Each structure stands twice: as structure tokens, then as C-alpha cells.
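In: Sequence and predicted structure, then a few things I'm wondering about:
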Amino acid sequence: MITKTVEKSINEQIKREEHSSRIYLSMASWAERNGFPGAANWLYVQTEEERIHMLKLVHYLNDRGGTAVIPALEAPDAKFKSLLDVFQQVLKHEEYISESINDLYAVCTKEKDFTTANYLQWYINEQIEEESTVRSILDQIRLAGTEKGGLFMMDKEFAAMATAKRAALAQSGGANAVT
Ligand SMILES: [Fe+2]
Ligand SMILES: [Fe+2]
């Protein structure tokens, strides 16, 4: 059985993961309209991945005797200055999520819920990976600069990364693997 405090904190994280998914959906749609089909593709896959992060927590909480609360939808920002601006915001958001996972972990240890703390280890590792991927994407965007040719090449690389990411997600079973 899960304590009310842990339940509340997991529900807050469910909301954040759902919101992450919507933030990336808005960014994907912007990239699609602004001539970055590769980046759009990557962001669309990212949207699916965040939804899986949310679903995993919903199942975990319900399985442990808690009640997962499906959050109200919040409209994400829709205006971005450039592809660099988009990914600077992605990094800022992922850093915020890492912090919130750490806070949730701290709540679990304070409540002596070591089972949930152990479960959260997956999210901690995932955040390390996500931050590092976005940092290297940002480096590449900065290298590409503002030249049309550079950004065009960059977008081709994005398309390849999106294909690899989609394949990895499918191989892991995607949302079907969430139990
Ligand atoms: Fe996430
Ligand atoms: Fe994420």
C-alpha cells in the first residue's frame, strides 16, 4: 500500500509527464510547419515516449493500491523563435523534470517507501539519457548555425535519429509493454 503523500507526488509526476508529451507535440507541429521535417519526426516520437512515461506511472500507482488521477489538459506554448529556441526549451524542460523526479525520490525515502524509490531508478536513468541526448542535439544545431545548408543537413540527421528512436520504442513494445 502506498501512502497518501507518495500517491499525491506520483500524481503530480503523472501530470508533468503528460504535459511533457503535449509540449513536444506543440514543438513537433511547429517544426513540421517551419521546414524541419526531421526534427518534427523526432519530436513526434518524443511525444509518444513521454506518454509512455505517464502510462507507466498510472499503472504503477493503481497496481500499488493507489488511485491515478488523469490530469486536466493544459495548453503548451505554440510559438518558437527558431529550432535552437525549441531545443533550448526542451533542455530546460528536461532539467526541470529531472529535478522533479529527484524530489519525488526524496519524498519516497522520507516516507520509507523504498519500493517506489527503487521503481523510480528507471526514471532517474532515463533522465540522464534524455538530458545528454538533448545537449548533443543542441551542440549540433549550434554547429549548423543559421546557414540554410547547415540546418538542412542537420534536419537530415534528425530524420535518421527519429527513425532509430522509433525503432527502439517499437522494439521495447511501446505503450503495449506498459503493464
Ligand atoms: Fe519523461
Ligand atoms: Fe523526457
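Out: Arrived safely, thanks for sending. Ligands and ions are numbered 1, 2, ... in the order given.
In: For Ser136, grab the count of nearby residues.
Out: 11 (other CB atoms under 10 Å). Every residue, glycine included, has its C-beta placed from N, CA and C.
In: in what helix or strand does the residue of the chain found nearest ligand 1 lie?
Out: With CB to the ion, the shortest gap between the chain and ligand 1 falls at His53, namely 3.7 Å. Assessed by DSSP states H and E, His53 sits inside helix 37-63.
In: Pull out the buried positions in that helix.
Out: In terms of neighbour count (16 or more other CB atoms under 10 Å), helix 37-63 has its buried residues at 38-58, 60-61.
In: Settle this for me: the residue of the chain closest to ligand 1 is touching Tyr123, isn't it.
Out: Yes - with contact defined as CB atoms under 8 Å, His53 reaches Tyr123; the gap is 7.3 Å.
In: Excluding covalently adjacent residues, which one is nearest to Ile141?
Out: Closest residue to Ile141 apart from its sequence neighbours, by CB to CB, 6 or more residues apart in numbering: Leu84 at 5.2 Å.
In: quick check: mean pLDDT across the helix holding His53?
Out: Average pLDDT, helix 37-63: 97.
In: residues from the chain in reach of ligand 1?
Out: For the chain, the residues in contact with ligand 1 (CB under 5 Å from the ion) are 17, 50, 53.
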